[in-house]
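Participant: no sequence for this one, just the structure:
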(Lines give C-alpha, C1' and ligand atoms only; values in the text may rest on other atoms or scores of the structure.)
Protein backbone atom coordinates (compact mmCIF):
# COMPACT_ATOMS: atom_id res chain seq x y z
CA UNK A 1 0.00 0.00 0.00
CA UNK A 2 1.47 3.42 -0.98
CA UNK A 3 2.38 5.68 1.94
CA UNK A 4 0.15 8.52 0.71
CA UNK A 5 -2.85 6.21 0.53
CA UNK A 6 -2.18 4.78 4.01
CA UNK A 7 -1.88 8.29 5.48
CA UNK A 8 -5.16 9.31 3.80
CA UNK A 9 -6.86 6.18 5.12
CA UNK A 10 -5.49 6.68 8.65
CA UNK A 11 -6.59 10.32 8.63
CA UNK A 12 -10.09 9.33 7.55
CA UNK A 13 -10.34 6.77 10.35
CA UNK A 14 -8.94 9.29 12.86
CA UNK A 15 -11.45 11.99 11.87
CA UNK A 16 -14.41 9.61 12.09
CA UNK A 17 -13.24 8.14 15.39
CA UNK A 18 -12.50 11.60 16.83
CA UNK A 19 -15.97 12.78 15.81
CA UNK A 20 -17.59 9.81 17.55
CA UNK A 21 -15.52 10.39 20.69
CA UNK A 22 -16.49 14.09 20.77
CA UNK A 23 -20.16 13.14 20.45
CA UNK A 24 -19.67 10.69 23.31
CA UNK A 25 -17.94 13.25 25.55
CA UNK A 26 -20.76 15.75 25.09
CA UNK A 27 -21.23 19.40 24.13
CA UNK A 28 -18.99 20.80 26.88
CA UNK A 29 -15.98 19.65 24.86
CA UNK A 30 -16.81 22.25 22.21
CA UNK A 31 -17.93 25.11 24.49
CA UNK A 32 -16.33 26.45 27.67
CA UNK A 33 -13.78 23.90 28.86
CA UNK A 34 -12.59 23.18 32.35
CA UNK A 35 -8.86 22.73 32.94
CA UNK A 36 -9.07 18.94 32.68
CA UNK A 37 -11.29 19.08 29.59
CA UNK A 38 -8.83 21.48 27.98
CA UNK A 39 -5.97 19.03 28.60
CA UNK A 40 -8.11 16.15 27.32
CA UNK A 41 -9.00 18.01 24.12
CA UNK A 42 -5.36 18.82 23.36
CA UNK A 43 -4.20 15.26 24.08
CA UNK A 44 -6.89 13.58 21.99
CA UNK A 45 -6.15 15.98 19.11
CA UNK A 46 -2.42 15.18 19.30
CA UNK A 47 -3.10 11.45 19.41
CA UNK A 48 -5.35 11.71 16.37
CA UNK A 49 -2.66 13.64 14.44
CA UNK A 50 0.00 11.11 15.48
CA UNK A 51 -2.25 8.24 14.42
CA UNK A 52 -2.68 9.80 10.97
CA UNK A 53 1.02 10.21 10.14
CA UNK A 54 3.04 7.63 12.09
CA UNK A 55 3.36 4.77 9.62
CA UNK A 56 5.71 2.78 11.88
CA UNK A 57 3.00 1.98 14.43
CA UNK A 58 -0.20 0.04 13.91
CA UNK A 59 -3.32 2.19 13.64
CA UNK A 60 -5.17 0.05 16.21
CA UNK A 61 -2.73 1.17 18.94
CA UNK A 62 -3.71 4.79 18.30
CA UNK A 63 -7.38 3.87 18.45
CA UNK A 64 -6.81 2.19 21.81
CA UNK A 65 -5.02 5.27 23.15
CA UNK A 66 -7.88 7.53 22.02
CA UNK A 67 -10.44 5.17 23.54
CA UNK A 68 -8.62 5.07 26.90
CA UNK A 69 -8.49 8.89 27.05
CA UNK A 70 -12.18 9.15 26.20
CA UNK A 71 -13.21 6.56 28.81
CA UNK A 72 -10.98 8.21 31.41
CA UNK A 73 -12.63 11.57 30.66
CA UNK A 74 -16.09 10.04 31.00
CA UNK A 75 -15.04 8.54 34.33
CA UNK A 76 -13.83 11.92 35.56
CA UNK A 77 -17.13 13.55 34.51
CA UNK A 78 -19.06 10.85 36.38
CA UNK A 79 -17.00 11.48 39.53
CA UNK A 80 -17.63 15.23 39.18
CA UNK A 81 -21.38 14.63 38.99
CA UNK A 82 -21.26 12.65 42.23
CA UNK A 83 -18.77 14.68 44.27
CA UNK A 84 -18.59 18.41 45.03
CA UNK A 85 -15.03 17.99 46.30
CA UNK A 86 -14.01 16.42 42.98
CA UNK A 87 -15.55 19.33 41.07
CA UNK A 88 -13.73 21.84 43.25
CA UNK A 89 -10.42 20.00 42.82
CA UNK A 90 -10.66 19.46 39.05
CA UNK A 91 -12.49 22.61 37.95
CA UNK A 92 -11.53 24.95 40.77
CA UNK A 93 -13.85 27.49 42.39
CA UNK A 94 -15.23 30.80 41.24
CA UNK A 95 -13.26 33.82 42.49
CA UNK A 96 -14.83 37.02 43.81
CA UNK A 97 -13.08 40.01 42.23
CA UNK A 98 -15.42 42.79 43.40
CA UNK A 99 -17.49 42.59 46.59
CA UNK A 100 -19.76 45.33 47.96
CA UNK A 101 -18.32 47.66 45.33
CA UNK A 102 -14.72 47.07 46.50
CA UNK A 103 -12.01 45.39 44.42
CA UNK A 104 -10.55 42.31 46.10
CA UNK A 105 -6.86 42.88 45.37
CA UNK A 106 -5.75 39.58 46.90
CA UNK A 107 -8.07 37.62 44.62
CA UNK A 108 -6.86 39.60 41.60
CA UNK A 109 -3.30 38.56 42.42
CA UNK A 110 -4.46 34.98 42.90
CA UNK A 111 -5.89 34.97 39.38
CA UNK A 112 -2.81 36.83 38.10
CA UNK A 113 -4.95 39.70 36.83
CA UNK A 114 -4.02 43.36 36.72
CA UNK A 115 -6.39 46.27 37.16
CA UNK A 116 -6.17 46.77 33.38
CA UNK A 117 -7.32 43.17 32.85
CA UNK A 118 -10.25 43.71 35.19
CA UNK A 119 -11.32 46.92 33.44
CA UNK A 120 -11.08 45.18 30.08
CA UNK A 121 -13.35 42.37 31.29
CA UNK A 122 -15.83 44.93 32.64
CA UNK A 123 -15.89 46.75 29.31
CA UNK A 124 -16.76 43.48 27.60
CA UNK A 125 -19.87 43.50 29.79
CA UNK A 126 -20.65 47.10 28.69
CA UNK A 127 -19.56 48.47 32.07
CA UNK A 128 -17.15 51.40 31.83
CA UNK A 129 -17.19 52.55 35.49
CA UNK A 130 -16.00 50.21 38.20
CA UNK A 131 -18.06 52.26 40.67
CA UNK A 132 -21.24 50.96 39.01
CA UNK A 133 -20.46 47.35 40.02
CA UNK A 134 -21.73 45.80 43.24
CA UNK A 135 -20.36 42.29 42.71
CA UNK A 136 -18.09 40.60 40.13
CA UNK A 137 -17.27 36.92 39.98
CA UNK A 138 -14.76 35.09 37.79
CA UNK A 139 -16.20 31.68 36.93
CA UNK A 140 -14.11 28.54 36.61
CA UNK A 141 -14.42 28.87 32.81
CA UNK A 142 -12.69 32.28 32.96
CA UNK A 143 -15.86 34.28 32.24
CA UNK A 144 -16.59 37.35 34.36
CA UNK A 145 -20.15 37.79 35.61
CA UNK A 146 -21.20 41.02 37.27
CA UNK A 147 -24.05 42.44 39.31
CA UNK A 148 -24.61 46.17 38.96
CA UNK A 149 -25.55 48.30 41.91
CA UNK A 150 -29.30 48.64 42.36
CA UNK A 151 -29.43 52.22 41.12
CA UNK A 152 -27.56 51.24 37.94
CA UNK A 153 -29.69 48.24 37.01
CA UNK A 154 -32.13 48.65 34.09
CA UNK A 155 -35.74 49.34 35.04
CA UNK A 156 -37.94 46.28 34.49
CA UNK A 157 -41.66 45.67 34.27
CA UNK A 158 -41.43 43.94 37.64
CA UNK A 159 -40.04 47.13 39.22
CA UNK A 160 -43.13 48.96 38.00
CA UNK A 161 -45.50 46.25 39.18
CA UNK A 162 -46.51 45.47 35.59
CA UNK A 163 -47.38 41.93 34.56
CA UNK A 164 -46.32 41.09 31.01
CA UNK A 165 -47.26 38.15 28.87
CA UNK A 166 -45.02 35.16 28.31
CA UNK A 167 -42.63 35.67 25.41
CA UNK A 168 -42.70 32.76 23.00
CA UNK A 169 -39.72 31.56 21.01
CA UNK A 170 -39.81 32.62 17.35
CA UNK A 171 -40.27 29.61 15.10
CA UNK A 172 -38.48 29.16 11.77
CA UNK A 173 -41.31 27.95 9.53
CA UNK A 174 -39.43 28.28 6.21
CA UNK A 175 -35.79 27.38 5.66
CA UNK A 176 -34.01 27.33 2.31
CA UNK A 177 -37.32 27.66 0.49
CA UNK A 178 -38.86 24.63 2.26
CA UNK A 179 -41.85 24.78 4.62
CA UNK A 180 -41.10 23.25 8.04
CA UNK A 181 -44.11 21.36 9.37
CA UNK A 182 -42.85 20.76 12.92
CA UNK A 183 -42.37 24.46 13.83
CA UNK A 184 -45.78 25.20 12.26
CA UNK A 185 -47.37 22.59 14.51
CA UNK A 186 -45.60 24.15 17.54
CA UNK A 187 -47.45 27.44 16.93
CA UNK A 188 -50.70 25.56 16.20
CA UNK A 189 -50.77 26.54 12.53
CA UNK A 190 -50.62 24.67 9.24
CA UNK A 191 -49.46 25.08 5.65
CA UNK A 192 -52.76 26.65 4.63
CA UNK A 193 -52.28 29.48 7.13
CA UNK A 194 -48.64 29.97 6.08
CA UNK A 195 -49.50 30.03 2.39
CA UNK A 196 -52.19 32.62 3.17
CA UNK A 197 -49.63 34.81 4.97
CA UNK A 198 -47.23 34.46 2.05
CA UNK A 199 -50.01 35.37 -0.37
CA UNK A 200 -50.51 38.66 1.51
CA UNK A 201 -46.87 39.43 0.71
CA UNK A 202 -47.23 38.23 -2.91
CA UNK A 203 -44.67 35.49 -2.25
CA UNK A 204 -44.29 31.75 -2.54
CA UNK A 205 -42.28 29.55 -0.18
CA UNK A 206 -39.53 28.86 -2.74
CA UNK A 207 -38.72 32.60 -2.82
CA UNK A 208 -38.03 32.66 0.92
CA UNK A 209 -34.59 31.88 2.33
CA UNK A 210 -35.74 32.11 5.96
CA UNK A 211 -39.18 32.75 7.44
CA UNK A 212 -39.98 33.17 11.15
CA UNK A 213 -43.18 33.61 13.15
CA UNK A 214 -42.86 35.70 16.33
CA UNK A 215 -44.82 35.87 19.59
CA UNK A 216 -47.55 37.95 17.98
CA UNK A 217 -48.06 35.51 15.13
CA UNK A 218 -46.40 37.85 12.63
CA UNK A 219 -44.44 36.33 9.76
CA UNK A 220 -41.11 37.93 8.89
CA UNK A 221 -39.12 36.72 5.88
CA UNK A 222 -35.71 37.05 4.28
CA UNK A 223 -35.75 36.47 0.52
CA UNK A 224 -33.25 35.01 -1.88
CA UNK A 225 -33.76 38.08 -4.05
CA UNK A 226 -32.86 41.08 -1.90
CA UNK A 227 -34.11 43.46 -4.58
CA UNK A 228 -37.75 42.62 -3.79
CA UNK A 229 -39.35 45.22 -1.50
CA UNK A 230 -41.76 43.81 1.06
CA UNK A 231 -44.67 45.67 2.65
CA UNK A 232 -44.49 46.40 6.36
CA UNK A 233 -45.84 43.40 8.26
CA UNK A 234 -45.08 44.39 11.86
CA UNK A 235 -47.25 47.48 12.25
CA UNK A 236 -49.79 45.90 14.62
CA UNK A 237 -47.12 44.43 16.86
CA UNK A 238 -45.22 47.70 16.88
CA UNK A 239 -48.35 49.62 17.82
CA UNK A 240 -49.02 47.28 20.73
CA UNK A 241 -45.41 47.62 21.89
CA UNK A 242 -45.63 51.43 21.74
CA UNK A 243 -48.84 51.43 23.80
CA UNK A 244 -47.25 49.20 26.43
CA UNK A 245 -44.16 51.42 26.52
CA UNK A 246 -46.36 54.49 27.05
CA UNK A 247 -48.13 52.73 29.92
CA UNK A 248 -44.79 51.81 31.49
CA UNK A 249 -43.58 55.40 31.17
CA UNK A 250 -46.71 56.71 32.88
CA UNK A 251 -46.21 54.25 35.71
CA UNK A 252 -42.56 55.29 36.04
CA UNK A 253 -43.44 59.00 36.06
CA UNK A 254 -46.01 58.35 38.79
CA UNK A 255 -43.45 56.52 40.91
CA UNK A 256 -40.71 59.09 40.44
CA UNK A 257 -42.65 62.27 41.30
CA UNK A 258 -43.38 63.49 44.81
CA UNK A 259 -46.13 65.86 43.69
CA UNK A 260 -49.41 64.30 44.85
CA UNK A 261 -51.60 65.73 42.09
CA UNK A 262 -49.11 64.78 39.38
CA UNK A 263 -48.74 61.28 40.86
CA UNK A 264 -52.52 60.82 40.87
CA UNK A 265 -52.78 62.08 37.28
CA UNK A 266 -50.09 59.70 36.01
CA UNK A 267 -51.66 56.75 37.80
CA UNK A 268 -55.11 57.61 36.46
CA UNK A 269 -53.78 57.90 32.90
CA UNK A 270 -51.88 54.63 33.23
CA UNK A 271 -55.06 52.81 34.30
CA UNK A 272 -57.02 54.27 31.38
CA UNK A 273 -54.30 53.29 28.94
CA UNK A 274 -54.19 49.79 30.41
CA UNK A 275 -57.92 49.46 29.69
CA UNK A 276 -57.35 50.68 26.12
CA UNK A 277 -54.60 48.08 25.63
CA UNK A 278 -56.86 45.34 26.98
CA UNK A 279 -59.62 46.35 24.55
CA UNK A 280 -57.49 46.61 21.41
CA UNK A 281 -55.02 43.79 22.06
CA UNK A 282 -57.20 41.03 20.48
CA UNK A 283 -57.24 43.07 17.25
CA UNK A 284 -53.49 43.71 17.27
CA UNK A 285 -52.35 40.13 17.71
CA UNK A 286 -54.45 38.55 14.99
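Facilitator: Everything's here; your move. Everything quoted here is computed from the prediction, not taken from an experiment.

Participant: so which helix or strand takes in the spatially closest residue to residue 69 that is not a sequence neighbour?
Facilitator: Nearest residue to residue 69, sequence neighbours excluded (C-beta to C-beta, 6 or more residues apart in numbering): residue 44, at 5.4 Å. In short, each C-beta sits where N, CA and C put it, glycine included. Using DSSP states H and E, residue 44 sits in helix 35-53.

Participant: what about whatever helix or strand comes next after that helix, average pLDDT?
Facilitator: The C-terminal neighbour of helix 35-53 among helices and strands, as given by DSSP H and E, is helix 59-82. Across helix 59-82, pLDDT averages out at 75.

Participant: Tell me how many other residues crowd residue 158.
Facilitator: 9 (other C-beta atoms under 10 Å).

Participant: pretty sure it is in a helix, no?
Facilitator: No. Membership of residue 158 in a helix is not supported by DSSP: H, G, I helix; E, B strand; the rest coil, which gives coil.

Participant: What are the boundaries of the strands in the stretch 51-200 of the chain?
Facilitator: For the stretch 51-200 of the chain, applying DSSP state E, counting those that start in this stretch gives strands covering 95-99, 102-103, 133-138, 144-148, 171-175, 178-179.

Participant: so which of those comes closest to residue 123?
Facilitator: strand 144-148 (10.5 Å; C-beta to C-beta).

Participant: The residue nearest to residue 69: neighbour count?
Facilitator: 21.

Participant: surely it meets residue 70?
Facilitator: Yes. In this structure, residue 44 is within contact of residue 70 by C-beta atoms under 8 Å, at 7.1 Å.

Participant: Would you reformat the strands of the stretch 51-200 of the chain as CSV and include mean neighbour count and mean pLDDT?
Facilitator: Output for the strands of the stretch 51-200 of the chain, formatted as CSV (neighbours: other C-beta atoms under 10 Å; pLDDT from 0 to 100):
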stretch, mean neighbour count, mean pLDDT
strand 95-99, 18, 93
strand 102-103, 12, 92
strand 133-138, 20, 93
strand 144-148, 15, 93
strand 171-175, 19, 93
strand 178-179, 14, 94
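
Participant: Now render those as TSV, adding distance to residue 210.
Facilitator: TSV is the format used below for the strands of the stretch 51-200 of the chain (distance: least, C-beta to C-beta, whole Å):
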stretch	distance to residue 210
strand 95-99	41
strand 102-103	46
strand 133-138	37
strand 144-148	32
strand 171-175	6
strand 178-179	11
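
Participant: closest one to residue 281 among those?
Facilitator: Closest among the strands of the stretch 51-200 of the chain, using C-beta to C-beta: strand 171-175, at 21.1 Å.

Participant: I would like the residues contacting the closest one, please.
Facilitator: Here strand 171-175 makes contact (C-beta atoms under 8 Å, 6 or more residues apart in numbering) with 179-180, 183-184, 186-187, 189, 194, 205, 208-213, 219, 221.
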